[in-house]
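J.: Here is a sequence together with a model predicted from it:
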There are 2 protein chains.
Amino acid sequence: MQPIKKIIGVASGKGGVGKSMVALNLALALLARKHAVGLLDADIYGPSQPTMLDAVGKRPALQAGGLQPINRWGLQTMSMGYLVDVEAPMIWRGPMIGKALQQLFSDTLWGELDYLVIDLPPGTGDVQLTLCQKIPVSGIVIVTTPQAVALADVTRACEMFRKLNVPLLGIVENMGVYRCEHCGHDAHPFGSGGGATLAEQYQLEVLAKIPLDAAVSTMMDYGNPPMIAAPEGDFAKKFDAMAKKIIEMF
Amino acid sequence: MQPIKKIIGVASGKGGVGKSMVALNLALALLARKHAVGLLDADIYGPSQPTMLDAVGKRPALQAGGLQPINRWGLQTMSMGYLVDVEAPMIWRGPMIGKALQQLFSDTLWGELDYLVIDLPPGTGDVQLTLCQKIPVSGIVIVTTPQAVALADVTRACEMFRKLNVPLLGIVENMGVYRCEHCGHDAHPFGSGGGATLAEQYQLEVLAKIPLDAAVSTMMDYGNPPMIAAPEGDFAKKFDAMAKKIIEMF
C-alpha cells in the first residue's frame, strides 16, 4: 500500500450534478490548507478532469514502478483521460472498468498524500463496487441537485454505500440557486430543499450549498477552477469551509 | 420479434443533461401525432421514468408470454423501476445489466407499435453495447447541454454509435438558455453554442433547442410532463416539431 492517509470519494446518484467540479475544488481547498493532496478521476467512461485541469493531451511519464501523476498547481492528478484519446469512446464491459480503476489507483506513484480525492462516475455500478471492495475509502461525499428525480438516484447511492459499509461524510447541494446576472433575482431552476430533505433522511450534514453560476461553468470548461482563479471569492470560501469540516471529521 | 416498426434510442454522453425528459416528451409528441408509441426506460441503475410518469409503485401484470406494460396517457411504458423498489440500489456487474435490458425489451408485451423510444443511460457501457448488438435500433437522438465538459462526452458517444453502425438522427441541445422569471433576461448558465458546434462536427441536424425552465423541472418531478400539462405551450411546440422531423426521416 502507498502512504495515503485518507481517501475521500466524491459520488452522485446521477450525472450532470457537478460532481467533478466539486471533487476538483474540494481537492484544491484541501491543498490550499497546506495538505499533500491527490485527485483520481475514476470516471473511466467520461473523464472530465483533464478538461477542468486544462491538462488535455498531457501524458503521464512511465517510470520504474508505475506512472508519474500530472502535477497541476501542486495537486497530483491521474485520469483515464491522460491515457487514451479524449475522443475515443471506452466501450468496455463492466468488469474491465473495475480493473482499470484498480490499476489507475495502484499503478500511480502518488507519493505521500494526506488526502486522495476520488471523482467517482455517477450511479451504482462496477466502479463503485470495486472502489468499496478494493480501495480503503475513508468516506464518501455525495453531490446532488435539488430535483426529485436526482434525489431518488442519490437515495439509491446512499443505500449502496451503506450496504458496503463505507461511511457517508455529508451532502453537497449544487445548483440550488441561480442569481440573474441582470437583475439579481434568485431563482431555483431545479426546485429547492432537496439537499436538506436528504440530509435529514440519512442524518447527514449539508457540507456546502453551491449556486449555479455561469462564470463558474466557464472557468471549469477552460481549466481554470475558481479555487485557483478566485481564491478569495464566495465560491472558494464555501469550498474552504467544506474542506475544514472534512479535515475535522478524521 | 414483436411488431415494432421503428426503435429510437435517446442517448447522452453524460448524465444530468435532461435525456429522460427529452425521451418522455418525444414519445408523447409522437403519440399526439396519432402513432402507437412505447417508452422503454433502459436506465437500469437509475430509472427516472416512473417518477416522470407519476407511476412510482406501479407493478406490471405478469401474463402468459410476458409483462404487461404500464399505460400512461396511451403511452406503453416499461422500466426497471416498476420491478424493483425505487430506493433499492441495483448493485450489479455490467453483463447482468445488459441481460436486464434485453429482458425488459423482449419480455414486455408491447403490442403493435409505430415507435418505441428507449431512454438510454448516459455513457458508453454495457447497456449501449447490448442495445446496439441485440436490438434493431433505427437511430439515436443525442441530448447535450452546451458545456465543454458535456460535449467531450457526447463526442465519445457519437464515436461509439458510429463504430457500432447505428445511425445518429440529430442533436437536442438542452438547458442552453435560462430566462429570468423576474426580469426576462436570457442567461446561458452552461455556456452557449455547444450543440451547433457538435452538429457541424458530425454533420447532424439540431432537432430542438430546449431552454432550462424551472416550471418544466417541477412538472417532470411531479409526473406531469409539459406535453400533457400544456400541449399548446412553446415547450410542446418544440417537441412536436422534433417529432415531425423524426417521422419524416423514415
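T.: Cool, got the structure.
J.: Disregarding residues adjacent in the polypeptide, which is nearest to the residue in chain A positioned nearest to chain B?
T.: Residue nearest to chain B within chain A: residue A:16 (1.4 Å; C-beta to the nearest C-beta). C-beta: built from backbone N, CA, C; applies to glycine. Leaving aside its sequence neighbours, residue A:16 sits nearest to residue B:16 (C-beta to C-beta, 6 or more residues apart in numbering or on different chains; 1.4 Å).
J.: Wait, that neighbour touches residue A:14, no?
T.: Yes - counting by C-beta atoms under 8 Å, residue A:14 is a contact partner of residue B:16 at 5.8 Å.
J.: which one of those two has more residues nearby?
T.: Higher neighbour count among residue B:16 and residue A:14: residue A:14, with 30 against 26, using other C-beta atoms under 10 Å in any protein chain shown.
J.: Report the contact partners of the closest residue to that one other than its chain neighbours.
T.: In space, and not counting its chain neighbours, residue A:14 is closest to residue A:153: 4.2 Å by C-beta to C-beta, 6+ apart. Residues in contact with residue A:153 (C-beta atoms under 8 Å, 6 or more residues apart in numbering or on different chains) are A:12, A:13, A:14, A:122, A:123, B:46, B:48.
J.: wait, isn't the third one in contact with residue A:150?
T.: This points to residue A:14. Yes - under the criterion of C-beta under 8 Å, residue A:14 makes contact with residue A:150 at 5.4 Å.
J.: Return every residue with contacts to both of these two.
T.: Counting by C-beta under 8 Å, 6+ apart, the residues touching both residue A:14 and residue A:150 are residue B:16.
J.: Quick check: phi and psi at the residue nearest to residue A:14.
T.: phi -70, psi -40 (degrees, to the nearest 10).
J.: Helix or strand with the lowest mean pLDDT in chain A?
T.: helix A:94-106 (a mean of 78; mean pLDDT, DSSP states H and E).
J.: which other residues reach the helix or strand following that helix?
T.: Where DSSP states H and E defines the elements, the next helix or strand beyond helix A:94-106 is strand A:113-119. Residues outside strand A:113-119 that contact it (C-beta under 8 Å, 6+ apart): A:2-10, A:19-20, A:23-24, A:26-27, A:30, A:35-43, A:48-49, A:76, A:105, A:110, A:131, A:135, A:137.
J.: ok, and of those residues, which contact chain B?
T.: Restricting the contacts of strand A:113-119 to those near chain B by C-beta under 8 Å from any C-beta of the partner chain leaves A:20, A:48.
J.: Mark which of the contacts of strand A:113-119 are part of helices, please.
T.: A:19, A:20, A:23, A:24, A:26, A:27, A:30, A:49, A:105, A:131 (DSSP state H).
J.: What is the nearest of the residues you listed to residue B:142?
T.: residue A:20 (20.4 Å; C-beta to C-beta).
J.: which ones are touching the residue nearest to the closest one when sequence neighbours are not counted?
T.: Spatial nearest neighbour of residue A:20, excluding adjacent residues (C-beta to C-beta, 6+ apart): residue A:48 at 4.2 Å. Residue A:48 makes contact with A:20, A:41, A:81, A:119, B:14, B:149, B:152, B:153, according to C-beta under 8 Å, 6+ apart.
J.: Quick check: phi and psi on residue A:48?
T.: The phi/psi pair for residue A:48 (degrees, to the nearest 10) is phi -100, psi -20.
J.: what about it, distance to residue A:114?
T.: According to C-beta to C-beta, to the nearest Å, residue A:48 and residue A:114 sit 24 Å apart.
J.: for residue A:25, same thing?
T.: 17 Å.
J.: Now do the host helix or strand of residue A:154, average pLDDT.
T.: Mapping residue A:154 onto the secondary structure by DSSP H and E places it in helix A:148-163. The pLDDT scores in helix A:148-163 average 83.
J.: looking at chain A, which residue ends up farthest from its center?
T.: residue A:183 (32.1 Å; C-alpha atoms, centre = their mean).
J.: hang on, that one is in a helix, isn't it?
T.: No - using DSSP: H, G, I helix; E, B strand; the rest coil, the assignment for residue A:183 is coil, not a helix.
J.: ok, it - contacts?
T.: B:180, B:182, B:183, B:185.
J.: In terms of secondary structure, what does the host helix or strand of residue A:237 contact?
T.: Using DSSP H and E, residue A:237 sits in helix A:234-249. With contacts taken as 3 or more C-beta pairs under 8 Å, 6 or more residues apart in numbering or on different chains; DSSP states H and E, helix A:234-249 sits against helix A:19-32, strand A:168-179, strand A:206-212, helix A:226-229.
J.: re the thing from before, these two touch, right, the residue of chain A closest to chain B and residue B:13?
T.: No - using C-beta under 8 Å as the test, residue A:16 is too far from residue B:13 to be in contact (10.2 Å).
J.: Overlap of the contact sets of those two?
T.: B:122, B:150.
J.: before we move on, back to that, need the contacts of residue A:48 in CSV (columns: distance to residue A:194).
T.: Shown next, in CSV, are the contacts of residue A:48 (distance: C-beta to C-beta, whole Å):
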residue, distance to residue A:194
A:20, 20
A:41, 26
A:81, 30
A:119, 22
B:14, 20
B:149, 23
B:152, 28
B:153, 24
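J.: Name the nearest of these relative to residue B:170.
T.: residue B:153 (17.5 Å).
J.: re earlier: residues touching the residue of chain A closest to chain B, list them.
T.: A:122, B:14, B:15, B:16, B:17, B:122, B:145, B:150.
J.: The fifth one in helix, strand or coil?
T.: Assigned by three-state DSSP, the conformation of residue B:17 is coil.
J.: give the contact list for it.
T.: Here residue B:17 is in contact with A:15, A:16, B:122, B:143, B:144, B:145, B:150, B:174, B:175 (criterion: C-beta under 8 Å, 6+ apart).
J.: so how far is residue A:234 from it?
T.: For residue B:17 relative to residue A:234 (C-beta to C-beta), the value is 27 Å.
J.: any weak-confidence spans in chain A?
T.: Along chain A, segments meeting pLDDT under 70 span A:1, A:85-95.
J.: In contact with the residue nearest to residue A:47 when sequence neighbours are not counted: list those residues for me.
T.: Using C-beta to C-beta, 6+ apart and skipping residues adjacent in sequence, the residue nearest residue A:47 is residue A:81, 3.5 Å away. By C-beta under 8 Å, 6+ apart, the contact set of residue A:81 is A:41, A:47, A:48, A:49, A:50, A:51, A:56.
J.: of those residues, buried ones?
T.: Buried residues within those, counting neighbours by 16 or more other C-beta atoms under 10 Å in any protein chain shown: A:41, A:47, A:48, A:49, A:50, A:51, A:56.
J.: Now the two most distant members of the residues you listed.
T.: Checking those with C-beta to C-beta, the most distant pair is A:41 and A:56, at 12.2 Å.
J.: Could you name every residue contacting both of these two?
T.: Common contact partners of residue A:41 and residue A:56 (C-beta under 8 Å, 6+ apart): A:50, A:81.
J.: For residue A:217, see how far away residue A:209 is.
T.: For residue A:209 relative to residue A:217 (C-beta to C-beta), the value is 17 Å.
J.: cool, and residue A:179?
T.: Relative to residue A:217, residue A:179 is positioned 14 Å away (C-beta to C-beta).
J.: one step back: ChimeraX command to pick out the buried ones of the contacts of residue A:153?
T.: Buried residues within the contacts of residue A:153, by 16+ other C-beta under 10 Å, are selected in ChimeraX with:
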select /A:12,13,14,122,123 /B:46,48
